[in-house]
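Student: Here is a sequence together with a model predicted from it:
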Amino acid sequence: MSRKQSPLFLERRSYRLRRLMDGARLMPFLGAALWAIPLLWTREGGAPVSTSRAMLYIFSVWFVLACLAAVLSIWLDGKAESERSNPQEGPR
Amino acid sequence: MGTLNILIAVCLGYVALLFLVAFMAERAALRGRAKWLRSPFVYTLSLSIYCTAWTFYGAVGFAARSGLEFLTIYIGPTLVMIGWWWGLRKLVRIGRTQRITSIADLISSRYGKSPLLAVFVTLIAVIGTTPYIALQLQSVTLSFASFSANADEAGQLGDHDATALWIAAGLALFTVLFGTRNLDANERHHGVVMAIALEAVVKLFALVAVGIFVVWGIGGGLSATLDRIDASAIGTWQVPDGRWAALTLLSAAAFLTLPRMFQVLVVENEDENHLRTASWAFPAYLMLMSLFVVPIAVVGLDLMPEGANPDQFVLTLPLSQGQEGLAMLSFLGGFSSATSMVIVAAIALSTMVSNHIVMPIWLRLAEGGAMISGDVRHVVLLARRLSIAGVLALGYLYYRFSGGGEALAAIGLISFAGVAQFLPALMGGIFWRGANRVGALAGLTVGFAIWAFTLFLPSFGPGVFLPETVFEAGLFGNSWLRPEALFGITGLDPLVHSVMWSMTLNTAVFILLSLLTFPQPLERLQGAQFVNVFQHTGNPQGWSGGVAQAEDLMVMAQRILGPVEAQSLFQRAATAQGLAGYLPDPTPEFLQMLEREMSGSVGAATAHAMVSQIMGRATVSVEDLLAVADETAQMMEHQSQLEAKSAELTRTARQLRAANDKLTQLSVQKDAFLSQISHELRTPMTSIRSFSEILRDAEELGQEQLTKYANIIHQEAIRLTRLLDDLLDLSVLENGQVNLNIQRGSLTALLDHATASTGVSGAGLRIHRRGLDLDVEMETDLDRLSQVFINLIANAKKYCDAPRPELTIRVAQRDNYLVVDFTDNGSGVPRDKQDLIFEKFARVSDQKAGGAGLGLAICREIMSRLGGAITYLPGQGGASFRVTLPMRMRQAAE
């Protein structure tokens, strides 16, 4: 990976970008984990969870995930492509 | 009557609007100024064909029956979308670089462009999608029924089956008009995408409008509605764990593997970056779509009469409240959902059917294959139109056979479980290089069989395809083969049961066989291309240029791509190669590009086959390359053989040359011998002649002179005789014609005889004998041996130049050999002459030319005849000859 400009600045930027990519990769796991929580609600003996609260939880998770994805997509916009080592990669 | 007519008019008007939008979009795309067409939001909206009539009508019914479980169907795709960095990005990249036209194309491409796999995937896709299309027919039929029931015009509508048939026919026509107007090189349908984006907006708007009406118009505000929800039959969280997880997984899998989803996600994708936007926008869309489902379901359950179909609440609630306009909007939303799904699914399936089933068969049947003249596009288009009609006909048949009475969600889930069987092969194909064709085929077969047996066939109900006895007693009476309790595990939800077994065994077989079998070279290449798509984007398949058939390629390309496109493509390629005109050289790059372009129209496998057909033997597949490699190996072997032969020839030549040299030498020797002979004969002859002439001519010769001259003549005659004797002797010896006279005798006696014969005892030469005090008894040709001894002693007498010449004869016995050395005290033989003294006519010096130079040559021949040898022994203080001979001569030598 060749860096022609100020190395310190690029180093930080590419580091940040890489962590953002990691974040993007982790997104489905975060979503799966959050949405797996309702599995715990049907335990024996516990008070049943009302549908309105369940909806509130599930839709909140949905909203948060969509917002996170939006933030990630804005941050990853275009930079990720140029950051990768292979210059031929882009769509023809 | 009026309502129904209005309904039909609205439908037709709506369809006309869609047509207009599609037409405009295509025109704009053609003129290349359709930037807004390529907006990421259009892409996101086009993904919304995931939300079909199942979502629009069925989700409410699902919620009314099972509470929040319906959310799993939207949570799965949401997880896939927000995880785009993992899977979708790779799929889209692969789809773009490999010009993938369908999921069957992708799977077949990945596993070595296998036509068998493509056909198989296509068949599963068609069968798996059939319930889904039936679902759309059912929902639209029901929505018509709901409207007409409300307007008391049930009689006008006729029976449901007829309605469904009309709808199926209408949708088929609609799809044919929409999807197969042209054969796009990229298999992209700008018009269709634009139309379904519009439909996405319509259905979202309609559902949200109904939702707002229900919450704020009927329910009395947000908190009141929430209270009403908690008070309803679905007021508490009661989703079974297994179904929650299984359905989420299933919907996530189906989102990737449904042919229509694959079409919009991968094939219609204009730009990878659109995924970025869709990654959050599509989850948001899904969230909005499901937001009002529960309120509508709960309010519907409250307000609608007992027994009302909850699948129709979206439509019947506004109708029951007298909101005709809202109901119409809702109807349009549902109609949109159904039509967009059917259109895209039929396009996707027809592409697969025509590319992977019809075209290969047609190409095989048509004489001359891809090279016959005429436009093949009409065949492709016809195949697609027929496929669309066929797909819809299958959907209609499913609707008829399944009875049309089931909940929409139940039908949809059957479909999901069917296409989800592609998941192991798909994911394994893009993430695992070890995945191979055999594994994929076997996994798909197992998964499909289990799905068909446990879910698809039972969905028609007992007695239609599977007899009752199979449900109760299992297949062939095996109780562990009951469709809803495989391996004796009972009590599972049928769907969870089917998904669990089919997916688990599918994956297990896929992995196991991939591990156990060995892939073909092309599979391995494609595997590397797919798995490492981000590292290299080149096309794996190489074409060799070789024999150029650019014109044939042109003919074929025109038929697939259309004359104008093909010509411009060829012209561009020719220009790029620096050539004028329309025919570029068929370089590998050009062939690759052409194949890619054509694979956009007819699929990778078919395009490859067509180009192969035209390039004939000149094409190089990996198998060919391997064959070439084999041949190369053979040639190398051949070459090494040749090299060995050539080395042998060189050796032979060398031997021949040596032989020739020897022959030449022999010839020279012979010449020399002849001249020597002549010379040797001539000298005594000259003397004899001269003196005999004197005797004849001189008249006054004294007695003394007479005697002297006669003596000379006599001596010369003797010399001549001796010379001739020697020559004769040598010739006999050399030819091996000598007869040996083997006798027993003592060495001492032999030496005495030899010494005496030479007459040296009185002369100056003194002879000493050393060694072997005992007499040695020997068995050989004593005469010949004594000849050798005499010769050696005479030589010493003749040539020894010491003032007091002495000859030492030393006898020794080594093993079975007798060694006799004759050493004198003269100056010996100069080193450079030592090699020559045994040759004929070789004389060390001319001064004392006593003999003809044949003595030693004769000795050598005699010794070799007697099984011994005579050699010159240097470094003994004088001339020294060693005679070795066996104690007992073996006659066998002769």
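Tutor: Okay, I see it. Keep in mind the model is a prediction, meaning the values are calculated, not measured.
Student: C-alpha only now, for contacts and for neighbours.
Tutor: Noted.
Student: Report the buried residues of stretch B:691-702.
Tutor: Within stretch B:691-702, the residues scored as buried using 16 or more other C-alpha atoms under 10 Å in any protein chain shown are B:Phe691, B:Ser692, B:Leu695.
Student: do the same with stretch B:277-290
Tutor: Quick answer for stretch B:277-290 (16+ other C-alpha under 10 Å): B:277-290.
Student: Can you pick out the ones from those residues that are in helices?
Tutor: Residues from the buried residues of stretch B:277-290 lying in helices, with DSSP state H as the criterion: B:277-290.
Student: pLDDT of whichever strand or helix holds B:Leu123, averaged?
Tutor: Using DSSP states H and E, B:Leu123 maps to helix B:115-150. Regarding helix B:115-150, the rounded mean pLDDT is 82.
Student: How about stretch B:412-431?
Tutor: Mean per-residue pLDDT for stretch B:412-431: 86.
Student: gap between the two ends of that stretch?
Tutor: Chord length of stretch B:412-431, first to last residue, is 28 Å (C-alpha to C-alpha, to the nearest Å).
Student: close to chain A, is that stretch?
Tutor: No. Contact of stretch B:412-431 with chain A (C-alpha under 8 Å from any C-alpha of the partner chain) is absent, the minimum separation being 14.7 Å.
Student: Pull the distance from that stretch to the chain's centre.
Tutor: 27 Å (C-alpha atoms, centre = their mean, to the nearest Å).
Student: Report pLDDT for B:Val464.
Tutor: Listed pLDDT for B:Val464 reads 64.
Student: Next, the contact list for whatever residue of chain A ends up closest to chain B, please.
Tutor: Chain B sits closest to A:Ser50 of chain A, with a gap of 4.2 Å, by C-alpha to the nearest C-alpha. Applying C-alpha atoms under 8 Å, 6 or more residues apart in numbering or on different chains to A:Ser50 gives the contacts B:Asp230, B:Gly235, B:Thr236, B:Trp237.
Student: Identify the residues contacting the closest residue to B:Ser146 other than its chain neighbours.
Tutor: Excluding its sequence neighbours, the residue lying closest to B:Ser146 (C-alpha to C-alpha, 6 or more residues apart in numbering or on different chains) is B:Thr316, at 6.8 Å. Residues in contact with B:Thr316 (C-alpha under 8 Å, 6+ apart) are B:Ser146, B:Phe147, B:Ala327.
Student: got a markdown table for those residues, with neighbour count and distance to A:Phe29 too?
Tutor: Listed next are the contacts of B:Thr316 as a markdown table, based on neighbours: other C-alpha atoms under 10 Å in any protein chain shown; distance: C-alpha to C-alpha, whole Å:
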| residue | neighbour count | distance to A:Phe29 |
| --- | --- | --- |
| B:Ser146 | 20 | 42 |
| B:Phe147 | 22 | 44 |
| B:Ala327 | 22 | 40 |
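Student: export those to a markdown table and tack on distance to B:Thr575?
Tutor: Formatted as a markdown table, the contacts of B:Thr316 follow (distance: C-alpha to C-alpha, whole Å):
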| residue | distance to B:Thr575 |
| --- | --- |
| B:Ser146 | 63 |
| B:Phe147 | 62 |
| B:Ala327 | 60 |
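Student: relative to helix B:115-150, how tilted is the helix or strand B:Arg243 falls within?
Tutor: Using DSSP H and E, B:Arg243 maps to helix B:241-257. Going by axes from the mean of the first three to the mean of the last three C-alpha atoms, to 10 degrees, helix B:241-257 is angled at 110 degrees with respect to helix B:115-150.
Student: Give the buried residues for helix B:241-257.
Tutor: Buried residues in helix B:241-257 (16+ other C-alpha under 10 Å): B:241, B:243-257.
Student: Tell me how many other residues crowd B:Arg831.
Tutor: 9 (other C-alpha atoms under 10 Å in any protein chain shown).
Student: ditto for B:Asn309
Tutor: Per other C-alpha under 10 Å, the neighbour tally for B:Asn309 reads 17.
Student: Thank you, goodbye.
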